[in-house]
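Asker: Starting from these lines, generate the structure:
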Amino acid sequence: MSLPSIQSIGQADISKITSSQVIIDLRSIAKELIENAIDAKANKIDIIFTNYGIDSIQIQDNGKGIEPKDFETVCLRSHTSKIENFEDLNKLTTLGFRGEALNSICSLTEKLTIKTTNNDIYPKCHVLNYDQLGELTKQITEVGGTNYKSGCQIVIEKLFYNLPVRLKNFVKNSKKEFRKATSFIIKYLIIFPEIKFSVYNVMNGKKNLILSSRGGEKTTMIDNLISVFGNNNNKNLLPLDIRINDDITLDGFISSYSFGLGSSARDRQFLYINKRPVVLKKLEKLINDVYKSFNHVQVPIYIINIIINPNLIDVNLTPDKTSILIQREGEVLELIREKLQEFYEIQDVTIIPKNENSQLKSLIINVQQEKPEAPAAEETKLFVEDDLDTSYPVIGSTGSSKIPKEGAPNTIPSQKFDITVIDSLDFPQEPMFDKEPPKEKATPPQDESQSLNHVNEESSNVHESSSLNITEHSMHQEDETCNHDDKHGENFFPVQDQADESLTIDIGGRRFDDERPAKRFKKVRVSTLYKQKSTCSTQHVLESLESLTKFECASSNTNPELNLNADLEEAEIYHINKQDFLDMGLIGQFNLGFILVNHNSNLFIIDQHASDEKFNFEKLMSSFQIKQQPLMMPINLDLNVMDEMLVLDNQETFKNNGFKLTINDDGAAGKRLSLVSLPVYKNSMFTVDDFHELINLISEEPNNKNLKISKIRRILAMKACRSSIMIGSSLSKSKMNEIVKNLSTLDKPWNCPHGRPTMRHLVESKSLSSNRLDYEL
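Answerer: Coordinates of the predicted model:
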């Protein structure tokens, strides 16, 4: 059978194929038409969706309108008045430029109608109909039909009618698509405060205002931000006007780094280039990283418009024009980092706590090497900023922690730690562990206490320094090399289902013999589960410090490299899948509290109580129904527009958490919802704050249908704990198999709801083979 010959595709099919890439959803339709209105110098734009856009989308503006000479070409592909040739992209001043939007919409909609007028013919208007190829099929003139004396009205009916798969998906997720479109419209509403935007949704013949802005020359970006998201920290933004170089300027607003003036979510971060909404992941990360270097517990709220010479960027990368290429991007980003750093360093900011229990947790830990015969001890200071949850106990405000005797696991007997808390506010003074460590201080062997000095003497090409500075840190809390078991696994560091932290180390304070400052070392990120090979002994810590302080420089052109601990480099990485629990071989029960299993020549220990508790907890999370307490007087909710839409889209989740709502369709946007019942459970009290907590949870995990507020989670965690197999219970072989197999069915089987790990790796089975001869007769 011969292959078909190459031939041309029909024009209608070409149009449909290419248009499907330009117009992919409701958001892209709204984007293209709004940009056309802005380019037409409109200062009033109305967007009207009927049945969330399923039936029709209508956009009307008071811009310049369409000239009669352009009626036949306005919807043809690659026809535009914004550029004449490719070189014009180097001086682009408009949002659109390709001439594809209207033609693509024609290809994917059953009917497209344009009404246009101007001051010369008003109140008359021209009514234009176009076919799927963008060709004018009908033109009439009528009186009325437009709200403005000049401008356009574009009506799109039956979007995606000729793409059955996309249409089915659009109808099924219409509310979600509508919310995405509205979220994108907000980007234009923020950056163009002088334009009055109005967004409506028509349901059952009733026109509901969803979103609006005031418009006018006196309206600011902050005004529009507050109108959408409310007053929460939006009034406290700092004006941003930073000149990066002759071609680039940063303009807008950003949060102060004072504690409590940032945000816990990134829903109020708006980035633009020449007022064009863009997605630049590297720049977004840079801004957040700089802010976190001053306020490590929050993220900034910002509206940043990068004003840049058009010939330094390429916007013609993707159909939606939100991805942009910047010349010498690396240099530009580094300049922006430096300027933002300087911007925050000159801010005279007072620390404002969120509440009386909040605290900036900055610690200076003085580690002093004890040398009995030395006249003076060298002192090393480690600067640590801990991102801790204030709901967990911490070390006392000021004091000295005694080290237990040598031989006890997880201790460093040769060191004394002087811990000082800086800028501390009130913290609950609770013990860190169930039992205080022994007061006796161990005396280290002489060779260990001198090993650090020996390291410094060997480094002849490096000037000695008295400080080892750790300027950034965070730890991936996957393994417990220094674990202290408390009664319920409530660790000093809170353990979540999925830890996402990393270790970053900078070593400074040393110079080469040629007087040039040493370059900053590579940052080392540790983010995988490593096999536990030893406890925190003195020798282990000294060897680690030796590997960090020792480096060689073969020549002046060779950069020094950080030598990691040999144990870390050689450690094996284990990847455990939930399905692996089905293949694990049962060995037996240990100490009436743990189950020993093997998998791929590795020995694992499973906590029988934590595993059964997590299984019971997830079962309760999916099936537990909390009771509702009707209120004598409904609580009228005052929400921002986006939160109100989120609640309307997730009413079932709120109902499952005990919140019953009524909706006033005639109310103003943000004020249409009322609470008529709250959850109730025994002695637990629930308030409107719990309702707002659930809104935040849904915004972070929109696809999780089993979300529960923290109070309900604590209730269910306690119920699961009390009903689970306890430590000390003897288990049959079938029961042990059941516990292990149950872990494969869980969403997150790695930790119990209190943070206690369900499983730990013990040893590689083949490493035990060399010892078997010792036990043979």
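Asker: could you give me the average pLDDT of stretch 223-233?
Answerer: Averaging pLDDT along stretch 223-233 yields 82.
Asker: go on, stretch 264-281?
Answerer: 90.
Asker: Just the residues contacting that stretch, thanks.
Answerer: Contacts with stretch 264-281, where a contact means C-beta atoms under 8 Å, 6 or more residues apart in numbering, come from 95, 184, 187-188, 190-192, 225, 229, 234, 283-284, 287-288, 298-308, 310, 313, 315, 321-324, 642, 696, 699-700. Placement of C-beta: from N, CA and C, glycine included.
Asker: Please apply the same query to stretch 187-201.
Answerer: Residues from elsewhere that reach stretch 187-201, judged by C-beta under 8 Å, 6+ apart: 34, 38, 42-52, 178, 182, 185, 207-217, 219-221, 223-225, 228, 270, 272, 275, 277, 303, 305.
Asker: Kindly report the same for stretch 717-728.
Answerer: 488, 592-593, 608-609, 612-614, 616-617, 620, 731, 735, 739, 752-754.
Asker: And it, end to end?
Answerer: 20 Å (C-alpha to C-alpha, to the nearest Å).
Asker: Check which residues of it are buried.
Answerer: By neighbour count on 16 or more other C-beta atoms under 10 Å, the buried set for stretch 717-728 is 717, 720-721, 724-725.
Asker: so of those, which ones are in helices?
Answerer: 717, 720-721 (DSSP state H).
Asker: Turn these into CSV, including distance to Gly145 and pLDDT.
Answerer: CSV is the format used below for those (distance: C-beta to C-beta, whole Å; pLDDT from 0 to 100):
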residue, distance to Gly145, pLDDT
Ala717, 61, 92
Ala720, 63, 92
Cys721, 67, 93
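Asker: Next, the distance between the ends of stretch 317-333.
Answerer: 19 Å.
Asker: Check which residues of it are buried.
Answerer: For stretch 317-333, by 16+ other C-beta under 10 Å, it's 319-322, 324, 326, 332-333.
Asker: residues making contact with it?
Answerer: Residues contacting stretch 317-333 (C-beta under 8 Å, 6+ apart): 21-22, 24, 28, 31, 95, 100, 244, 248, 273, 276-280, 282-283, 286, 308, 312-315.
Asker: Break the chain down into its structural domains.
Answerer: As given by the TED database, the domain ranges for the chain are 11-212, 231-344, 625-707.
Asker: okay if I get the ones you listed as a markdown table plus distance to Ile576?
Answerer: Shown next, in a markdown table, are these (distance: least, C-beta to C-beta, whole Å):
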| stretch | distance to Ile576 |
| --- | --- |
| domain 11-212 | 34 |
| domain 231-344 | 29 |
| domain 625-707 | 23 |
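Asker: now for those, which one comes closest to Lys748?
Answerer: With distances scored as C-beta to C-beta, the stretch of the domains of the chain nearest to Lys748 is domain 625-707 (11.2 Å).
Asker: Tell me where the model's unsure across the stretch 101-250 of the chain.
Answerer: For the stretch 101-250 of the chain, applying pLDDT under 70 flags the ranges 233.
Asker: one step back: counting only strands, which of the contacts of stretch 317-333 make the cut?
Answerer: 248, 273, 276-277, 308, 313-314 (DSSP state E).
Asker: List buried residues within those.
Answerer: Buried members of those, counted by 16+ other C-beta under 10 Å: 248, 273, 276-277, 308, 313.
Asker: Would you map the strands across the stretch 1-150 of the chain?
Answerer: Along the stretch 1-150 of the chain, counting by DSSP state E, counting those that start in this stretch, strands occupy 44-50, 56-61, 109-117, 124-130, 136-143.
Asker: Kindly write the PyMOL command that selects the buried subset of the contacts of stretch 717-728.
Answerer: To isolate the buried ones among the contacts of stretch 717-728 in PyMOL, judged by 16+ other C-beta under 10 Å, type:
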select buried, resi 488+593+608+609+612+613+614+616+617+620+731+735+739+752+753+754
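Asker: from the contacts of stretch 717-728, which ones fall inside strands?
Answerer: Using DSSP E, none of these sit in strands.
Asker: Among the contacts of stretch 717-728, which ones are in helices?
Answerer: Counted as lying in helices by DSSP H, out of the contacts of stretch 717-728, are 608-609, 612-614, 616-617, 620, 735, 739.
Asker: In JSON lines, list these along with distance to Ile17 and pLDDT.
Answerer: As requested, the ones in helices among the contacts of stretch 717-728 are exported to JSON lines (distance: C-beta to C-beta, whole Å; pLDDT from 0 to 100):
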{"residue": "Gln608", "distance to Ile17": "58", "pLDDT": "94"}
{"residue": "His609", "distance to Ile17": "59", "pLDDT": "94"}
{"residue": "Asp612", "distance to Ile17": "55", "pLDDT": "94"}
{"residue": "Glu613", "distance to Ile17": "54", "pLDDT": "94"}
{"residue": "Lys614", "distance to Ile17": "49", "pLDDT": "93"}
{"residue": "Asn616", "distance to Ile17": "53", "pLDDT": "93"}
{"residue": "Phe617", "distance to Ile17": "50", "pLDDT": "92"}
{"residue": "Leu620", "distance to Ile17": "50", "pLDDT": "90"}
{"residue": "Lys735", "distance to Ile17": "59", "pLDDT": "94"}
{"residue": "Ile739", "distance to Ile17": "54", "pLDDT": "94"}
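Asker: quick check, nearest of those residues to Asp131?
Answerer: Leu620 (58.2 Å).
Asker: secondary structure element for Leu209?
Answerer: strand 206-212 (DSSP states H and E).
Asker: An error on my part: the question was meant for Lys187.
Answerer: helix 174-191.
Asker: tell me the angle that helix makes with strand 44-50.
Answerer: 180 degrees (axes from the mean of the first three to the mean of the last three C-alpha atoms, to 10 degrees).
Asker: What count of nearby residues applies to Glu738?
Answerer: 13 (other C-beta atoms under 10 Å).
Asker: thought Val647 was touching Lys655?
Answerer: No. Counting by C-beta atoms under 8 Å, Val647 stays clear of Lys655, with 11.1 Å between them.
Asker: For these two, work out which one has more neighbours and name it.
Answerer: Counted by other C-beta under 10 Å, Val647 and Lys655 do not tie: Val647 has more neighbours, with 22 against 14.
Asker: Now do that one against Leu620, distance only.
Answerer: The gap separating Val647 from Leu620 is 24 Å, by C-beta to C-beta, to the nearest Å.
Asker: could the buried residues of stretch 717-728 go into a markdown table alongside distance to Ile140?
Answerer: Conversion of the buried residues of stretch 717-728 to a markdown table gives the following (distance: C-beta to C-beta, whole Å):
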| residue | distance to Ile140 |
| --- | --- |
| Ala717 | 68 |
| Ala720 | 70 |
| Cys721 | 74 |
| Ser724 | 75 |
| Ile725 | 79 |
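Asker: Closest one of those to Phe71?
Answerer: Ala717 (66.9 Å).
Asker: distance of the closest one from Ser723?
Answerer: Taking C-beta to C-beta, one finds Ala717 at 11 Å from Ser723.
Asker: just Ile9 next, same as before
Answerer: 64 Å.
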